[in-house]
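Student: the amino acid sequence is not available; the structure is as follows:
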C-alpha cells in the first residue's frame, strides 16, 4: 500500500502540541539524570527504535521527558491520555514537519501498537522512536514480536550507588570487579565510602525506586504497585483469569513469608495447591514485571529447578524487616549481581547438605551476618571464596554486603 494512503486523515491537534510543550518543560524539573540516561540518549540516535523496559516506578517517563527537553526535533505523546486514531498517521505528519524523534509514553494504551510501529519503521526511515510502557510484561512481549526493529534497554530501580547519588548527591565511583577480589584495594575503597554503609537499611526498606524520593512511607506505594500488577497487568495484559490472578497473588505471599532457601517451583506448588506448570507461568510473568528474580542452580546432577527471590523491597510487604533480614540480604545480593550481566548460579548441597549461597562469575559467595566464616565453605573447592556481610566486615574473605551494589 502506498504510504500516502495510510491514515492520511490523521492530524495533530493543538492539545497534542500543547502537551508536548508541557512535557518538555516538565523535563527541566529533573536536573539529575539516571545512570542509564547516557545510553538512552545514545541509542535514541540509532535507526532501530528504542524500548525502555522496566518495572512500574522505575522512572521511564521522566527519562522520556528529559530526552525531549534536550532535543529541538522531538515530539512527546502520552498515549494513556491522548488517543490518536493512527500512530502512523501522527508519525507521518510529524516527519513532514521535520520532527526526527518521536517519544511515545505508555504505548500499551494504544491497540495493536506493534503493527503501527512496524509501519513507522518501514515507511518513515528518517524518524526515530523511543517508547515506554508502565506494563513491563507488555513490553517484553512487544520487543520480541518487533525483533530487528527494536532495541530493548532495561531501566531498573536504583542500584545502591545510584541511590546514594539521588539521596545524598554523592557521586561515588563504581567498584571494579578485580578490585573486589583484592583486600588491599577494597580497604582503600571502603575508607572512601564508609559512611554510605549506614544508608543500606534505608535502601532495602523501599528507597530504591525513583518514585519513592521524598516519600516518608514508601512501602505503602509498593502495596499499590503490587495491586496494579496483579489486577491490571496480569489480567488485562497477560490475559489471566481473576482466579489465576488470585493464585499468583497467593504465590507472592508464600514467597514473601518463606525463607529464601525454601522457594522452588515444586515447593510453591505443594504449599499453595497449584500445578508446577502454573507456578512457572506466574513466576515468569512476575519476573518480567520486576517483582521476582530467578537464579538457576550451579553444579552437576542437580534438578534444574531455579531458586526464586523477590526484588527489594517487596518481601517487606509480607514480613517486618527484622524478621526477614536474611532473605532480604539475599534479595539485594541477587538483584545487584544480575545487573552485572555475568554468570550467577546458586549452590545446592548433595542430599540436602548445607552449601554456600551463590557462584558469581566463578566466585563462591556466602551472604549473611558477621558470624559467617570459613566453615560455610566446608567441602567446596574454589579458587576464590567471599562472604558478604551486613554489618560490613573486611578481611581476606569478607566484604561488606553493600559492595555488591557498588560494582
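Tutor: Looks like it came in fine. Note that this is a predicted model, so its numbers are computed, not measured. Residues are numbered from 1 along each chain as shown.

Student: where do the helices sit along the stretch 1-150 of the chain?
Tutor: Per DSSP state H, counting those that start in this stretch, the stretch 1-150 of the chain carries helices over the ranges 14-27, 37-43, 60-69, 87-96, 113-123, 136-146.

Student: for the stretch 151-300 of the chain, that is, sorry about that
Tutor: With helices called from DSSP H, counting those that start in this stretch, the stretch 151-300 of the chain shows them at 160-168, 177-180, 183-193, 200-204, 218-228, 242-257, 265-272, 276-288.

Student: so which of those helices gets nearest residue 27?
Tutor: Nearest to residue 27 among the helices of the stretch 151-300 of the chain is helix 160-168; the distance by C-beta to C-beta comes to 16.6 Å. Bear in mind the C-beta positions are built from the backbone N, C-alpha and C, glycine included.

Student: low-confidence regions, the stretch 101-250 of the chain specifically.
Tutor: Filtered on pLDDT under 70, the stretch 101-250 of the chain yields the residue ranges 141, 143-144.

Student: re earlier: any chance of the helices of the stretch 151-300 of the chain in CSV, plus distance to residue 401 and mean neighbour count?
Tutor: Shown next, in CSV, are these (distance: least, C-beta to C-beta, whole Å; neighbours: other C-beta atoms under 10 Å):
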stretch, distance to residue 401, mean neighbour count
helix 160-168, 10, 19
helix 177-180, 12, 15
helix 183-193, 12, 14
helix 200-204, 7, 19
helix 218-228, 21, 16
helix 242-257, 20, 17
helix 265-272, 26, 17
helix 276-288, 23, 19
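
Student: residue 256 contacts residue 314, correct?
Tutor: Yes. Assessed by C-beta atoms under 8 Å, residue 256 is found in contact with residue 314 at 6.7 Å.

Student: picking up where we left off before, let me know which of the helices of the stretch 1-150 of the chain is tucked in deepest.
Tutor: helix 60-69 (a mean of 23; mean count of other C-beta atoms under 10 Å).

Student: show residues contacting that helix.
Tutor: 20, 23-28, 30, 33-34, 36-37, 40-41, 44, 52, 54, 74, 76, 78, 101, 103, 105-106, 130, 132-134, 155, 210 (C-beta atoms under 8 Å, 6 or more residues apart in numbering).

Student: switch the cut-off to 6 Å
Tutor: 23-24, 26-28, 30, 40, 52, 54, 74, 76, 103, 105, 132, 155 (C-beta atoms under 6 Å, 6 or more residues apart in numbering).

Student: likewise stretch 247-259?
Tutor: Taking contacts as C-beta under 6 Å, 6+ apart, the residues outside stretch 247-259 that touch it are 230, 234, 263, 268, 271-272, 274, 282, 315, 318.

Student: stretch 77-96: end-to-end distance?
Tutor: 17 Å (C-alpha to C-alpha, to the nearest Å).

Student: what are the contacting residues of that stretch?
Tutor: Stretch 77-96 has contacts (C-beta under 6 Å, 6+ apart) with 6-7, 10, 12, 16, 75, 102, 104-107, 109-110, 116, 119-120, 124, 127.

Student: and those residues, which are buried?
Tutor: 7, 10, 12, 16, 75, 102, 104-107, 109-110, 116, 119-120, 124, 127 (16 or more other C-beta atoms under 10 Å).

Student: in strands only, show me the residues you listed.
Tutor: Counted as lying in strands by DSSP state E, out of these, are 75, 102, 104-105.
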